[in-house]
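Colleague: Got a predicted model here, sequence first, then my questions.
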Amino acid sequence: MRFDIITLFPELFAPFLAAGVTRRAYAQGLVDVRFWSPRDHAEGNYRRVDDRPFGGGPGMVMMAEPLARCLRAVRADRAEAEPAPAVLFSPIGRRIDHGEVARWSAGAGAVLVCGRYEGLDQRFIDTFIDVQLSLGDFVLSGGEIAAIALLDAVARLQPGVLGDEGSHQQDSFNPALDGLLDCPHYTRPEVWEGQAVPTALLSGHHAQIERWRRDQRLAVTAAHRPERIDAARAGGRLDRKDEAVLAKLLQSRVA
């Protein structure tokens, strides 16, 4: 899997590629990350990559030509029969969620274009961009943070990256499990500042522990993301015990 990053600030990625559990993905070559700067493909002594927008207005806009040359250099280097998709992080992009990450983690990679300033010349977007993605309904100063988020989420799903192969199976939002939020977690000491670890987790009874975790997943999701309860129900991922737990939760709120 290879990701080519078109960015003016490759140094922003270094700490994330060299630290944490996902560093294994990059060190072992499971996820190959390469950086490309539009400035290397700009003209003039100043290697200018931005200019004032037509029609006036605040800020600057990234020019189409340096970006196009940079992307063509990436394409030539990749030399693929089937070109990898060119991805732009932008407010109009589809929201990145677990399903989106899972799809990218099963693919061969992409070219990630990180915009800056007020954005990119629309003609470059219309000509070269295949997919637009977004982290959410807010604006960042550049696409690098979104690219890092996608890389991290994709890398941790690669086989052999996480210490425990089953770790990501219990992730929040995982539709292969139920799409619900994860349950609370506890570690030593058993009592901290007067707060004890739930009794079920100390029982050593596997079925009791799993039932407690399931009930907590239901409770947390119902409280914070109720729409995911509806989705799990519609997908047939809730059984009678789950529904009984949810009914009891609803009763307690009404009371």
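Modeller: Right, received. Where do you want to start?
Colleague: And the contacts of stretch 55-69?
Modeller: For stretch 55-69, contacts defined as C-beta atoms under 8 Å, 6 or more residues apart in numbering pick out 6, 38-39, 41-43, 48-53, 113, 115-121, 123-124, 127-128. C-betas here are computed from N, CA, C, even on glycine.
Colleague: Neighbours of residue 145, how many?
Modeller: Neighbouring residues of residue 145 were enumerated by other C-beta atoms under 10 Å; the total is 15.
Colleague: Can you dump the C-alpha atoms of the helix or strand where residue 69 lies in CSV for me?
Modeller: Assignment of secondary structure by DSSP states H and E places residue 69 within helix 64-78. The C-alpha trace of helix 64-78 is given here as CSV (Å, rounded to 0.1, in the frame of the first residue of the first chain):
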residue,chain,number,x,y,z
ALA,A,64,-3.2,24.9,-10.8
GLU,A,65,0.0,24.5,-12.7
PRO,A,66,2.5,23.7,-9.9
LEU,A,67,0.0,21.2,-8.5
ALA,A,68,-0.6,19.6,-11.9
ARG,A,69,3.1,19.2,-12.5
CYS,A,70,3.6,17.7,-9.1
LEU,A,71,0.7,15.2,-9.6
ARG,A,72,2.1,14.2,-13.0
ALA,A,73,5.5,13.5,-11.4
VAL,A,74,3.7,11.3,-8.8
ARG,A,75,1.9,9.5,-11.6
ALA,A,76,5.1,8.9,-13.5
ASP,A,77,6.8,7.6,-10.4
ARG,A,78,4.0,5.2,-9.5
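Colleague: tell me which residues in that helix are buried?
Modeller: 64, 66-68, 70-71, 73-75 (16 or more other C-beta atoms under 10 Å).
Colleague: could those residues be laid out in JSON lines, adding distance to residue 204 and pLDDT?
Modeller: Supplementary listing: these in JSON lines, determined by distance: C-beta to C-beta, whole Å; pLDDT from 0 to 100:
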{"residue": "64", "distance to residue 204": "64", "pLDDT": "98"}
{"residue": "66", "distance to residue 204": "62", "pLDDT": "98"}
{"residue": "67", "distance to residue 204": "59", "pLDDT": "98"}
{"residue": "68", "distance to residue 204": "62", "pLDDT": "98"}
{"residue": "70", "distance to residue 204": "58", "pLDDT": "98"}
{"residue": "71", "distance to residue 204": "57", "pLDDT": "98"}
{"residue": "73", "distance to residue 204": "59", "pLDDT": "98"}
{"residue": "74", "distance to residue 204": "54", "pLDDT": "98"}
{"residue": "75", "distance to residue 204": "57", "pLDDT": "98"}
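Colleague: From the residues you listed, pick the one nearest residue 215.
Modeller: For those, the residue nearest residue 215 by C-beta to C-beta is residue 74; the value is 49.2 Å.
Colleague: hey, where'd the helices end up in the stretch 51-200 of the chain?
Modeller: 64-78, 98-105, 122-128, 144-155, 199-202 (DSSP state H, counting those that start in this stretch).
Colleague: Could you report the neighbour count for the closest residue to residue 224 other than its chain neighbours?
Modeller: Excluding the flanking residues, the one nearest residue 224 by C-beta to C-beta, 6 or more residues apart in numbering is residue 181, at 6.5 Å. Number of residues near residue 181 (other C-beta under 10 Å) recorded here: 20.
Colleague: Report pLDDT for residue 181.
Modeller: Listed pLDDT for residue 181 reads 95.
Colleague: From the chain's centroid, how far away is stretch 122-131?
Modeller: 22 Å (C-alpha atoms, centre = their mean, to the nearest Å).
Colleague: Same question for stretch 150-160.
Modeller: A distance of 9 Å separates the centroid of the chain from that of stretch 150-160, by C-alpha atoms, centre = their mean.
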